[in-house]
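*Asks:* Build me a model from this:
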Amino acid sequence: MIRMCIVLHFILLPYLIFGQEKNRPKLVVGIVVDQMRADYLHRFSGNFGPDGFNRLLEDGFVVKNMHYNYLPTATGPGHASIFTGTTPINHGIVANDWYSRQDKKIVYCTLDDKEVLVDGESKTHQFSMYSRSPRNLLSTTITDELKLSSNGRSKIIGISLKDRGSILPAGHMADFALWFNTHTGNFITSSYYSKSLPTWLKNFNKRKIADSILNLTWEAKFKLSKYQNSGTDNQAGEKTFIGKEGNSFPYNLRKLRKDNGNFGLIPQIPFGNTLLTKLAINVITNEHMGIGKETDFLTISYSSTDYVGHNFGIRSKELEDTYVRLDAEIETLLSFLDSKIGENNYLLFLTADHGASDNPNFLKKSRLSGESLKLANIKEELNRNLSKKFGYEEWVIYLDKTQVYLKYADGNRLSICEEAIKILKDTEGIKQVYLPSTDQNRHFGVDSFFKKSFNIKRSGDILFHLEEGWMPERKYGTTHGTAYNSDTHVPMIWYGKNIRQGRTYKKYSIDQIASTLSFLLNIPLPSSANKEPIIEVLKRD
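*Replies:* Sure thing, here's the model as predicted:
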């Protein structure tokens, strides 16, 4: 497939307008909106202004049918796949967390015990348990390839409220990855990038913007009667913050902050996105991005949308208000880029790391199929039945919503796995089960998803997929992770330098974004990128 992409490069070259260095954008801005379903762009558009999402939709190139093509659809794997151009089988980010047989412990996707956090305060080292880096990412990213192709002169920076939302897109060679520290209210980095924060970021942190936000009240931006594309306010199944009666507007953040994690409340409200936009503007300005001879690359991952979705669900007034407010953030960012970089000097793309599904309780009330599944019960059932056959033991080392890690000796692995598969197949709510070491499941409908997900050193012994409408049990809101359209279908918009206006309805997969960027920037493909680019984006008018 990589050879095919190289051939395509030479076939398309005469028709492309970006082949020469002078036609490259001065700045690439890659925006990932955490948990954004494709339908949100249109469902909430009635309350969007003309200069945010609607500007991108009207003047950009829209890929209407962009999907994820592996399991689980989650933040870590999603960001990794967008920027590497491949899936977990190659880039190795098989989930947000996985079990390491070598280290005999649960590993977080950006965990790195060799590094410490850097937040500009003397107490930084007390948080060394949260050290981070991109070392767990096994493939190069498009941002790495840009850095290499410019001989290190391109500036690469990733920002997000989540560490994985900034680290994985920025890649191995980034100048910085910056994320929000919910302990201090500061944006921080890792010693992997630098032993200290730049002076401008120290000054930004000193402004205590997060602290100011928590003195606000979250009220709906418009009258609730204008929010016609969400359910009633104060629905059952929405999170109730500690110290508040019910779950409806307004939310007095000053009263709620103490009992709800203090700065940990920031990602759970739409103003977390506001904070990130302010940081983006400061990054571009103070790091002098987009004004040199080389192309620079800023990745922005808006995280508050994910927290609000998890807390309140995809039909809530709170979520609709969050997207209305994010629309204003996109407008602010575009206006800044126009004035600072120049309207025809930057390339921007916007997508999401995964979608989200309806809460099973909502589905049942709507006369649709929906049920909850207790993962703890599955683990208990596996341990109980495997102990009957193989002797008493805690056979399940680790189980998440798509995979099972089992305990075994070298000689009995297959027999234990086969018995576990029988148990899982008999479990209500589980639709398909996949044993990577055999071919017995190759005709399953989501078999290709399983295969793209399985990394031999990191994935579980058995992968499984839930029935449609089923979700791991949660008390409120929503989650994601399945291979159904609700979780796989995400927005994809290209805008700016060398991008024509238009749209395509052809189905594309998320691992085609990086190769498209490679051809737009005329730089090498990431090391494991194995899909052809989105041809319609590359064509001239």
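*Asks:* Let me see the contact set for residue 399.
*Replies:* Applying Cβ atoms under 8 Å, 6 or more residues apart in numbering to residue 399 gives the contacts 375, 378-379, 382, 405, 460. (C-beta placed from N, C-alpha, C; glycine too.)
*Asks:* no wait, residue 327
*Replies:* Counting by Cβ under 8 Å, 6+ apart, residue 327 has contacts 44, 47-49, 52-54.
*Asks:* How about residue 512?
*Replies:* With contact set as Cβ under 8 Å, 6+ apart, residue 512 has these partners: 85, 531-534.
*Asks:* mind running it again at 10 Å?
*Replies:* Contacts for residue 512 (Cβ atoms under 10 Å, 6 or more residues apart in numbering) come out as 5, 63, 66, 69, 82, 85, 492, 529-535, 537.
*Asks:* how near is it to residue 68?
*Replies:* 11 Å (Cβ to Cβ, to the nearest Å).
*Asks:* what's the answer for residue 285, then?
*Replies:* In terms of Cβ to Cβ, residue 285 sits 34 Å off from residue 68.
*Asks:* and those two? which has more neighbours close in?
*Replies:* Between residue 285 and residue 68, counting by other Cβ atoms under 10 Å, residue 68 is the more crowded of the two (30 against 14).
*Asks:* Using PDB, write out every CA atom in stretch 214-229.
*Replies:* The C-alpha coordinates for stretch 214-229 follow below in PDB (Å, rounded to 0.1, in the frame of the first residue of the first chain):
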ATOM      1  CA  LEU A 214     -14.100  28.900  38.100                       C
ATOM      2  CA  ASN A 215     -15.500  32.100  39.400                       C
ATOM      3  CA  LEU A 216     -18.100  32.200  36.600                       C
ATOM      4  CA  THR A 217     -21.500  30.700  36.200                       C
ATOM      5  CA  TRP A 218     -22.100  28.300  33.300                       C
ATOM      6  CA  GLU A 219     -25.400  29.500  31.900                       C
ATOM      7  CA  ALA A 220     -26.800  28.500  28.500                       C
ATOM      8  CA  LYS A 221     -25.500  30.900  25.800                       C
ATOM      9  CA  PHE A 222     -29.000  31.200  24.300                       C
ATOM     10  CA  LYS A 223     -32.400  30.700  25.700                       C
ATOM     11  CA  LEU A 224     -33.100  27.000  26.100                       C
ATOM     12  CA  SER A 225     -36.100  27.300  23.800                       C
ATOM     13  CA  LYS A 226     -33.500  27.900  21.000                       C
ATOM     14  CA  TYR A 227     -31.900  24.500  21.700                       C
ATOM     15  CA  GLN A 228     -34.300  22.500  19.500                       C
ATOM     16  CA  ASN A 229     -31.900  19.600  18.800                       C
END
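*Asks:* Would you map the helices across the stretch 351-500 of the chain?
*Replies:* With helices called from DSSP state H, counting those that start in this stretch, the stretch 351-500 of the chain shows them at 360-365, 375-390, 413-425, 447-453, 485-488.
*Asks:* Which one of those helices lies nearest to residue 525?
*Replies:* Of all these, it is helix 447-453 that lies closest to residue 525, at 17.6 Å by Cβ to Cβ.
*Asks:* Dump the C-alpha coordinates for the closest one into PDB.
*Replies:* Extracted C-alpha coordinates of helix 447-453, given in PDB (Å, rounded to 0.1, in the frame of the first residue of the first chain):
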ATOM      1  CA  ASP A 447     -13.200  -9.000  11.600                       C
ATOM      2  CA  SER A 448     -11.300  -6.400   9.700                       C
ATOM      3  CA  PHE A 449     -11.700  -4.000  12.700                       C
ATOM      4  CA  PHE A 450     -10.300  -6.700  15.000                       C
ATOM      5  CA  LYS A 451      -7.300  -7.300  12.700                       C
ATOM      6  CA  LYS A 452      -6.500  -3.600  12.400                       C
ATOM      7  CA  SER A 453      -6.700  -3.400  16.200                       C
END
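*Asks:* Can you flag the buried ones in the contacts of residue 327?
*Replies:* Restricting the contacts of residue 327 to buried positions leaves 44, 47-48, 52-54, with burial counted as 16 or more other Cβ atoms under 10 Å.
*Asks:* still on that earlier bit, so for the contacts of residue 512, which is the shakiest by pLDDT?
*Replies:* For those, the weakest pLDDT value sits at residue 5, with 45.
*Asks:* Thought residue 450 was touching residue 71, still the case?
*Replies:* Yes: at 6.6 Å, residue 71 counts as touching residue 450 under the criterion of Cβ atoms under 10 Å.
*Asks:* Pull up the overlap in contacts between these two.
*Replies:* Common neighbours of residue 71 and residue 450 (Cβ under 10 Å, 6+ apart) are 402-403, 434, 463-465, 483.
*Asks:* What is the nearest of these to residue 114?
*Replies:* Closest to residue 114, out of all of those and judged by Cβ to Cβ, is residue 403, at 26.6 Å.
*Asks:* Tell me if residue 348 really is in a strand.
*Replies:* Yes: Residue 348: assigned to a strand according to DSSP: H, G, I helix; E, B strand; the rest coil.
*Asks:* ok, it - contacts?
*Replies:* Counting by Cβ under 10 Å, 6+ apart, residue 348 makes contact with 25, 27-31, 56, 60, 298, 300, 330, 333-334, 337, 493-497, 499.
*Asks:* let's see it at 7 Å
*Replies:* Residues counted as contacts of residue 348 (Cβ atoms under 7 Å, 6 or more residues apart in numbering) are 29, 31, 495-496.
*Asks:* so which of those comes closest to residue 217?
*Replies:* Closest approach to residue 217 among the contacts of residue 348 (Cβ to Cβ): residue 31, at 27.7 Å.
*Asks:* Residue 309 reaches residue 34, doesn't it?
*Replies:* No: counting by Cβ atoms under 7 Å, residue 309 stays clear of residue 34, with 8.3 Å between them.
*Asks:* quick revisit: please flag which of the contacts of residue 327 sit within strands.
*Replies:* Nothing among the contacts of residue 327 maps onto strands, per DSSP state E.
*Asks:* In helices only, show me those residues.
*Replies:* Counted as lying in helices by DSSP state H, out of the contacts of residue 327, are 53-54.
*Asks:* sorry, back to before: just send the contacts of residue 399 back as CSV, with pLDDT, neighbour count and distance to residue 474 too.
*Replies:* Formatted as CSV, the contacts of residue 399 follow (pLDDT from 0 to 100; neighbours: other Cβ atoms under 10 Å; distance: Cβ to Cβ, whole Å):
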residue, pLDDT, neighbour count, distance to residue 474
375, 96, 13, 11
378, 97, 21, 15
379, 97, 17, 17
382, 98, 23, 21
405, 98, 19, 22
460, 97, 24, 21
